[in-house]
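[1] sequence unknown, structure follows:
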């Protein structure tokens, strides 16, 4: 084990960088899907109508119970053959990751909205604001400090989960590592490189970005008081 | 949509489906057992007064929580095994990877549980003349276990969801069989649907069980 060849990792920096770019692109696009879809799901989930609330509840339970690996294979291999739809690996990966995480995102939105004091709703209604105005102008701005750090944590989990998308053919970090391992016949070097890249990105997001976000929101709240 | 569903393939091949499900369960239980033991050791190291011991545990926990399971799995099975000349059985590597990663999460759960025990309990135990191992074994941990039960249960459910991926290194679990059968019969929709249904039903059943145990623990607390 004495001859860990750092050189071949640096020689392949361009491919590893492309893989990192693809992984981040999939993760960001999927997060976009989760943010939008999650908002729709939480709107249904908080609806006063039982008929709207129940399907949203089932949707959340279902996707929180599903594992990404199974869902992504089902979508990419199973559903495409059964229906004849042609999904590229990239699109399938974004849909699978996005749908799965929209369920978690819906719960993040809900915890944010429920953290706003009940009196704010009542005061806004007493002022004669419409439902849309209440949510858009009063509730949401106050829920943001709770939602954003939690959404960022969700993004970290999503990014970690996205390591699986190489299995359906997206040329992400793991796929690149696998190809390079086969080419050089040095799996230890390249899987270590992949692990270091993931750990670096995740630790940067959790130790730097989230800490700053939380500090920022604490300060802006202190100013508002 | 002119696809003819052939669900009879599932009923005709139920034996490997059940066997694969049991392998998935086995991987989960063994990995969780490893995580429960190693996690406790890590948590105690993390809380140790000696700074260097605490730093080692802290680094492990940070790294374990930062690495995606699939990356760690591939690193152990393809990378480490190759570099060290160790030949793992796929199931050994699967249990090891899932257990080592889950241990990092369990360590944080244990730590939170231990810190949630009232400070006065430490002081009272010390003033009774108990030594450090006795304090933990007889006073603190029994109280901490009750606190961490729901979180540990959730972690178990998470480990079960994670166990679904060990087939990528060739563990002959449910997903492995679903893939093999899909290729053999060219019927991926049927086999992945059934595998997915079994895994989701199990996850929801485990989650339900966890909340029942949680309720019990609260009422008898």
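    Done, it's in. Since this is a predicted model, take the numbers as computed values, not measurements.
[2] From now on I want contacts and neighbour counts done on CA atoms only, so please keep to that.
    Will do.
[3] who in chain B is up against chain A?
    Within chain B, the positions adjacent to chain A are B:1, B:3, B:62-63, B:66-72, B:74-75, B:78-80, B:82-84, B:161-162, B:164-165, B:175, B:187-190, B:192-193, B:195-196, B:199-200, B:203-204 by C-alpha under 8 Å from any C-alpha of the partner chain.
[4] Among those residues, name the ones in helices.
    B:62-63, B:66, B:69-72, B:74, B:82-84, B:161-162, B:175, B:188-190, B:192-193, B:195-196, B:199-200, B:203-204 (DSSP state H).
[5] Go ahead and flag the most central residue of chain B.
    residue B:159 (3.2 Å; C-alpha atoms, centre = their mean).
[6] Contacts only, for that residue.
    B:28, B:31, B:32, B:98, B:102 (C-alpha atoms under 8 Å, 6 or more residues apart in numbering or on different chains).
[7] Mind pulling up the pLDDT for the spatially closest residue to residue B:101 that is not a sequence neighbour?
    The shortest distance from residue B:101 to any non-neighbouring residue, by C-alpha to C-alpha, 6 or more residues apart in numbering or on different chains, is to residue B:64 (5.1 Å). Here, the pLDDT recorded for residue B:64 equals 96.
[8] doesn't residue A:53 make contact with residue A:47?
    Yes: using C-alpha atoms under 8 Å, residue A:47 makes contact with residue A:53 at a distance of 5.8 Å.
[9] who has more neighbours, those two?
    Remark: of residue A:47 and residue A:53, residue A:53 carries more neighbours, 17 against 14, as counted by other C-alpha atoms under 10 Å in any protein chain shown.
[10] That one and residue A:46: what is the separation?
    7 Å (C-alpha to C-alpha, to the nearest Å).
[11] And for residue A:220?
    Distance from residue A:220 to residue A:46, by C-alpha to C-alpha: 28 Å.
[12] When these two are compared, which one has more neighbours?
    Remark: of residue A:220 and residue A:46, residue A:46 carries more neighbours, 15 against 12, as counted by other C-alpha under 10 Å.
[13] what residues are up against the residue nearest to residue B:77 when sequence neighbours are not counted?
    Nearest non-adjacent residue to residue B:77, counting by C-alpha to C-alpha, 6+ apart: residue B:93, 5.9 Å away. Going by C-alpha under 8 Å, 6+ apart, residue B:93 touches B:73, B:76, B:77.
[14] Packing partners of the lowest-mean-pLDDT helix or strand in chain B?
    When the helices and strands of chain B are scored by mean pLDDT, DSSP states H and E, helix B:8-12 comes last with a mean of 76. On a contact count with 3 or more C-alpha pairs under 8 Å, 6 or more residues apart in numbering or on different chains; DSSP states H and E, helix B:8-12 meets helix B:188-219.
[15] Where does pLDDT dip in the chain?
    Since you didn't name a chain, this refers to chain A. A:1-2, A:224-225 (pLDDT under 70).
[16] think we crossed wires, I meant chain B
    B:1-2, B:218-221.
[17] let's see 50
    Low-confidence segments of chain B, defined by pLDDT under 50: B:221.
[18] Please point out which parts of the helix ranked longest in chain A sit buried.
    Ranked by residue count, the top helix of chain A under DSSP H comes out as helix A:13-45. Residues of helix A:13-45 classed as buried by neighbour count (16 or more other C-alpha atoms under 10 Å in any protein chain shown): A:15-16, A:19-20, A:22-31, A:33-35, A:37-39, A:41-45.
[19] Kindly report the same for stretch B:12-32.
    Buried-residue list, stretch B:12-32, by 16+ other C-alpha under 10 Å: B:16-17, B:20-21, B:23-32.
[20] From those residues, pick the one nearest residue B:120.
    Of all these, residue B:120 sits closest to residue B:32, with 31.6 Å by C-alpha to C-alpha.
[21] Hmm, residue B:102 and the closest one touching each other?
    Yes: between residue B:32 and residue B:102 there is a contact at 7.2 Å, judged by C-alpha under 8 Å.
[22] Adding secondary structure as columns, could you present the contacts of residue B:159 in a markdown table?
    Converted to a markdown table, those look like this (DSSP: H, G, I helix; E, B strand; the rest coil):
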| residue | secondary structure |
| --- | --- |
| B:28 | helix |
| B:31 | helix |
| B:32 | helix |
| B:98 | helix |
| B:102 | helix |
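[23] What segments of chain A are helices?
    For chain A, applying DSSP H gives helices covering A:6-11, A:13-45, A:50-65, A:68-73, A:80-83, A:89-114, A:118-126, A:131-133, A:140-161, A:173-184, A:187-204, A:210-224.
[24] Ok, which of the ones you listed comes nearest chain B?
    helix A:187-204 (3.6 Å; C-alpha to the nearest C-alpha).
[25] since we're on residue 198, how many residues are nearby?
    As the question left the chain open, I've gone with chain A. Neighbour tally, residue A:198, other C-alpha under 10 Å: 23.
[26] right idea, wrong chain: chain B
    Using other C-alpha under 10 Å, residue B:198 has 15 other residues around it.
[27] wait, what's in contact with residue 77?
    Unless you meant another one, I'm taking chain A. Residue A:77 neighbours (C-alpha under 8 Å, 6+ apart): B:188, B:189.
[28] other chain: chain B
    Counting by C-alpha under 8 Å, 6+ apart, residue B:77 touches B:88, B:90, B:93, B:169.
[29] which one among the residues you listed gets closest to chain A?
    When these are compared against chain A (criterion: C-alpha to the nearest C-alpha), the nearest one is residue B:169, at 11.6 Å.
[30] Which residue, other than its chain neighbours, is closest to that closest one?
    residue B:90 (6.0 Å).
[31] neighbours around the one you found, how many?
    Neighbours of residue B:90 under the rule other C-alpha under 10 Å: 18.
[32] Okay, it and residue B:64: tell me how far apart.
    Counting by C-alpha to C-alpha, the gap from residue B:90 to residue B:64 is 20 Å.
[33] next one: residue B:192
    Counting by C-alpha to C-alpha, the gap from residue B:192 to residue B:64 is 30 Å.
[34] And for residue A:165?
    Taken as C-alpha to C-alpha, the span from residue A:165 to residue B:64 is 21 Å.
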